[in-house]
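Participant: Got a sequence here, can you model it:
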Amino acid sequence: MPKLKASQTQEENKHVVVVGTSAGGLSALIKLTSQMQKDFDAPILVVQHISADATGNVLLEALRKNSNLICEHAINGTKLQSGHLYLAPSDHHLMIADDEKMLVTKGAMENRSRPAIDPLFRSAAVAFGNRTIGVLLTGYLDDGTAGLTVIKKCGGICIVQDPAEADYPDMPQNALNQIKIDYCLPIAQMGVLLSKLLSRKPGKRKPIPLDISIEADIAMRVLSDLPSVNALGKQVPFNCPGCGGVLWLMNKSSSLRYRCHTGHAYTAASLLAEQSKKIEETMWTALRMFEERKNLLTTIAEKEKGAAGKSALERANLSQVHIDRIRALLQVNDKGTSSDTPI
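Facilitator: Modelled structure (predicted):
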């Protein structure tokens, strides 16, 4: 990957602010950006988990209405400017190249999401080093935790919303559980904090660890390869739910993280959630097929006489046994809690 031109970063944008959120993100982002003035001295890049068929226009218009910043969808190759907020388009990752231009790609999903938070945070840390400020807000599961870890390793600042006030506390709480966060506070206090942080003169930049550079390069190139993932970890006996390929366990990650050679990446929580989703899809398919089989065998039993009809009826009854078992499994709550939290 091309080396960062440090002088370019210092002259054009001293800092960059990257923000990640998921469930509950609309109101959280409005509360955050409404505190910022037109002369905000850094570009802000935002990843909000949204479905692939959404446009993101509702969020963008809400931010424009409630913020003094220039809010726009990120466009590939656009140069970052202070006072601008760039929102990741739906079904695309948003990243920062080493020339302070945005990359908008259709790379493999990370943590079941595209856009995902970790690729943005990771690329910002590689491009800006200790001039990176990462902010993690409300959301399910733990996307963003690995990204904040990278920001921390590269000397940047990590901020998370106080889980006690978050609509969905999973994401900030998971980050607090795994990283020494610099600031944990309510959103209402983040505007003043960010202004203070931007006024500070950055210290000496830390070297970027090789494993972080490799992962950033994988995401920027859209596709991974065997030498890259072999350098990052070791193969494990799990398959990637996204493509069916082999997974590698990342060696230098502070928490359990996995990658496949085509580029999909998962935390342990997101991998378990995706496996659960795939299992459910498979079971619904099996249920449909058993029901069709039972219906066909019942029809045969009604038409056939003698042993053939009796055999078909017995097989139809056996199919009903399988149907009942699959339905029972589909109704089981295996989340380890009585709550109805979506996976």
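Participant: Please report how far the residue nearest to the spatial centre of the chain lies from Gln35.
Facilitator: Central residue of the chain (Cα atoms, centre = their mean): Ala116, 3.4 Å from the mean position. Here Ala116 is placed at a distance of 26 Å from Gln35 (Cβ to Cβ, to the nearest Å). Heads up, the C-betas are built off the backbone N, CA and C, glycines and all.
Participant: repeat for Ala265
Facilitator: 32 Å.
Participant: So for the two, which residue has more residues nearby?
Facilitator: Ala265 (30 against 18; other Cβ atoms under 10 Å).
Participant: Do you know the pLDDT at the residue nearest to the centre of the chain?
Facilitator: On pLDDT, Ala116 comes in at 97.
Participant: need the contact list for it.
Facilitator: Val47, His49, His93, Met109, Glu110, Asp143 (Cβ atoms under 8 Å, 6 or more residues apart in numbering).
Participant: Reformat those as a markdown table; add neighbour count and distance to Asp167.
Facilitator: Output for these, formatted as a markdown table (neighbours: other Cβ atoms under 10 Å; distance: Cβ to Cβ, whole Å):
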| residue | neighbour count | distance to Asp167 |
| --- | --- | --- |
| Val47 | 30 | 17 |
| His49 | 23 | 13 |
| His93 | 28 | 24 |
| Met109 | 22 | 24 |
| Glu110 | 29 | 23 |
| Asp143 | 31 | 16 |
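Participant: Give me the helix or strand of the chain that scores worst on average pLDDT.
Facilitator: Lowest on mean pLDDT, DSSP states H and E among the helices and strands of the chain sits helix 6-12, with a mean of 43.
Participant: Helix or strand next in line after that one, which one?
Facilitator: For helix 6-12, the succeeding helix or strand toward the C-terminus, using DSSP states H and E, is strand 16-21.
Participant: what residues does that next one touch?
Facilitator: Under Cβ under 8 Å, 6+ apart, the answer for strand 16-21 is 28-29, 32, 42-49, 80, 96, 117, 120-121, 124, 127-128, 131-139, 143-144, 147, 151, 171, 194.
Participant: for stretch 104-113, same thing?
Facilitator: Under Cβ under 8 Å, 6+ apart, the answer for stretch 104-113 is 22, 49, 74-76, 88-89, 91-95, 114, 116-119, 141-143, 219-220, 222-224, 242-243, 260, 262-267, 270, 273-274.
Participant: same thing but 6 Å
Facilitator: By Cβ atoms under 6 Å, 6 or more residues apart in numbering, the surrounding residues in contact with stretch 104-113 are 49, 74, 76, 92-94, 116, 118-119, 143, 219, 222, 262-265, 267, 270, 274.
Participant: Identify each buried residue in it, please.
Facilitator: Buried residues in stretch 104-113, counted by 16 or more other Cβ atoms under 10 Å: Val104, Thr105, Gly107, Ala108, Met109, Glu110, Asn111, Arg112, Ser113.
Participant: now swap in stretch 77-84 and tell me
Facilitator: Thr78, Leu80, Ser82, Gly83, His84.
Participant: got it, and stretch 194-203?
Facilitator: Those would be Leu194, Leu197, Leu198, Pro202, for stretch 194-203 by 16+ other Cβ under 10 Å.
Participant: all helices of the chain, in order?
Facilitator: Taking DSSP state H to define them, one finds helices in the chain at 6-12, 25-33, 57-66, 117-128, 145-153, 170-178, 190-199, 210-220, 226-232, 268-303, 306-330.
Participant: hang on, isn't Leu45 packed against Leu85?
Facilitator: No: with contacts counted by Cβ atoms under 6 Å, Leu45 stays clear of Leu85, the gap being 7.8 Å.
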